[in-house]
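Asks: Here is a sequence with its predicted model. Questions after.
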Amino acid sequence: MTAAVFLGAYIIDIIIGDPRWFPHPVVIIGKAVRFLEGKIRCTSLIGRKKGGIIMCFAVVIPVYFITWGIVEGCFFINSLFGMIVTALLAFLTLATRSLYDESKVVLNALNRGNIEEARKSLSMIVGRDTENLDEQEICRAVIETVSENLSDGIVAPMFYLALGGVPLAMAYKAVNTLDSMVGYKNERYADIGRFSAKMDDIWNWIPARLTGFMIVAVSFILRLNWRDSWKIMRRDGRNHSSPNSGISEAAAAGSLGIQLGGENKYFGEIVRKQTIGDTAKKIDRGDVKKAWVIMFFSSFLMAAVCVLTLWLIE
């Protein structure tokens, strides 16, 4: 991965986002996960826990080597062709524009006064039940998913692109996809998804903390409440079932002066989560817009760090 290719991938992501007509690798990875999950559930030769471990490696390792083979093959044909293909594959691991576009649909519905449409659009990007949420709860959900996915969908892929190129970044996306599909702590997935969830925790440990620092730095640059961003990140960063997701949510909550977490409903069951941040103000649509600004500037900052690092290595 060169600085020029990385920058090209980032620019493509900002301009294009996630084209629906293009066969995204995550969709292919998801189909592989569902196929293997079905096979494991249908056999009695191995337990669910061991099957989950096998499934994780059976997805992640082929993804890495297939991506590596594609990149190497394209460079063997022609160096320029290899750079173009690498940039295109790299941009598919990033989600800056798509995260903005998907959350903007929710806010646009609220701006039109159509709360039912907002709830329906929100259900496409969050796991909680959305049919009875009021406007403040909808805005909270959007900010939570934007701040969490700032780490998973932007900073982490950039980190692995800079560290090990497209193959490593695509392997990360495979781990992240496994976690999002089978990493639930419920009766159905407690055994088969446990290893994938742990792997996701490990792969996201460094990127999550990088994201927290990025949010604090951006809050300082934008003259937001960077002191509270730092304080709340340190105080409430562990107030989450995930060892990583709470870091970025806490930094964002402190920067915006709002409280995240609390009561949510999943599959009809009320789940009371620890709160993150202080109740300095009610959450509104303006906070969602500020969360977007934090997201974009954090992605700019992370991209700049990665490009500079790659350039110095070159």
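Replies: Alright, I've got the coordinates.
Asks: so how far is stretch 241-259 off the chain centroid?
Replies: 14 Å (C-alpha atoms, centre = their mean, to the nearest Å).
Asks: Give the buried residues for it.
Replies: Under the neighbour-count criterion of 16 or more other C-beta atoms under 10 Å, stretch 241-259 has 242, 244-259 buried. Glycine gets a C-beta too; all of them are placed from N, C-alpha and C.
Asks: do stretch 138-146 as well
Replies: In terms of neighbour count (16+ other C-beta under 10 Å), stretch 138-146 has its buried residues at 138-146.
Asks: cool, stretch 193-211 as well?
Replies: Neighbour counts over stretch 193-211 (16+ other C-beta under 10 Å) mark 193-197, 199-201, 203-204, 207-211 as buried.
Asks: which residues of the stretch 51-200 of the chain fall in helices?
Replies: 79-91, 96-111, 115-122, 135-150, 156-182, 194-221 (DSSP state H, counting those that start in this stretch).
Asks: TSV please, covering those helices and showing mean pLDDT and distance to Arg238.
Replies: TSV is the format used below for these (pLDDT from 0 to 100; distance: least, C-beta to C-beta, whole Å):
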stretch	mean pLDDT	distance to Arg238
helix 79-91	96	32
helix 96-111	95	24
helix 115-122	94	26
helix 135-150	95	15
helix 156-182	96	19
helix 194-221	96	11
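Asks: Mind putting those into a markdown table with distance to Asn264?
Replies: Formatted as a markdown table, the helices of the stretch 51-200 of the chain follow (distance: least, C-beta to C-beta, whole Å):
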| stretch | distance to Asn264 |
| --- | --- |
| helix 79-91 | 32 |
| helix 96-111 | 16 |
| helix 115-122 | 12 |
| helix 135-150 | 8 |
| helix 156-182 | 17 |
| helix 194-221 | 19 |
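Asks: Which stretch among these approaches Ile53 most closely?
Replies: When the helices of the stretch 51-200 of the chain are compared by C-beta to C-beta, helix 194-221 sits nearest Ile53, at 4.6 Å.
Asks: which residues are contacting the helix or strand just after that closest one?
Replies: Counting by DSSP states H and E, the next helix or strand C-terminal to helix 194-221 is helix 226-236. The contact list for helix 226-236 (C-beta atoms under 8 Å, 6 or more residues apart in numbering) reads 212, 215-217, 219-220, 246-247, 250-255, 257, 274-278.
Asks: Likewise for stretch 59-79?
Replies: Under C-beta under 8 Å, 6+ apart, the answer for stretch 59-79 is 25, 29, 32-33, 36, 81-86, 89, 165-168, 170-171, 173-175, 177-178, 199.
Asks: Put the buried members of the residues you listed into a ChimeraX selection.
Replies: Restricted to buried positions by 16+ other C-beta under 10 Å, the ChimeraX selection for the contacts of stretch 59-79 reads:
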select :25,29,32,33,36,82,83,85,86,89,165,166,167,168,170,171,173,174,175,177,178,199
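Asks: Please name the nearest non-neighbouring residue to the spatially most central residue of the chain.
Replies: Most central residue of the chain, judged by C-alpha distance to the mean C-alpha position with C-alpha atoms, centre = their mean, is Asp152 at 2.6 Å. Leaving aside its chain neighbours, Asp152 sits nearest to Asn176 (5.8 Å; criterion: C-beta to C-beta, 6 or more residues apart in numbering).
Asks: can I assume that neighbour is in contact with Ser151?
Replies: No - counting by C-beta atoms under 8 Å, Asn176 sits too far from Ser151 to count as a contact (10.2 Å).
Asks: So if I had to pick from these two, which one is more boxed in?
Replies: Applying other C-beta atoms under 10 Å to Asn176 and Ser151 shows that Ser151 carries more neighbours, namely 27 against 23.
Asks: what's near enough to touch the more buried one?
Replies: 204, 207-208, 210-211, 244-245, 247-248.
Asks: Which two among these are spaced furthest apart?
Replies: Maximum pairwise distance among the contacts of Ser151 (C-beta to C-beta): 13.8 Å, between Leu210 and Ser245.
Asks: Please name the residues that touch Arg41.
Replies: Arg41 makes contact with 48, 51, 192, according to C-beta under 8 Å, 6+ apart.
Asks: The last one and Val27: what is the separation?
Replies: Counting by C-beta to C-beta, to the nearest Å, the separation of Ile192 from Val27 is 21 Å.
Asks: can you check the second one too?
Replies: When distance is defined by C-beta to C-beta, Gly51 is 23 Å away from Val27.
Asks: out of those two, which sits in the busier spot?
Replies: Taking other C-beta under 10 Å, Gly51 and Val27 do not tie; Gly51 has more neighbours (21 against 11).
Asks: could you check the distance from that one over to Lys282?
Replies: Applying C-beta to C-beta, the value for Gly51 to Lys282 is 46 Å.
Asks: Quick check, the residue nearest to the centre of the chain in contact with Asn204.
Replies: Yes - under the contact definition of C-beta under 8 Å, Asp152 touches Asn204, with a separation of 6.7 Å.
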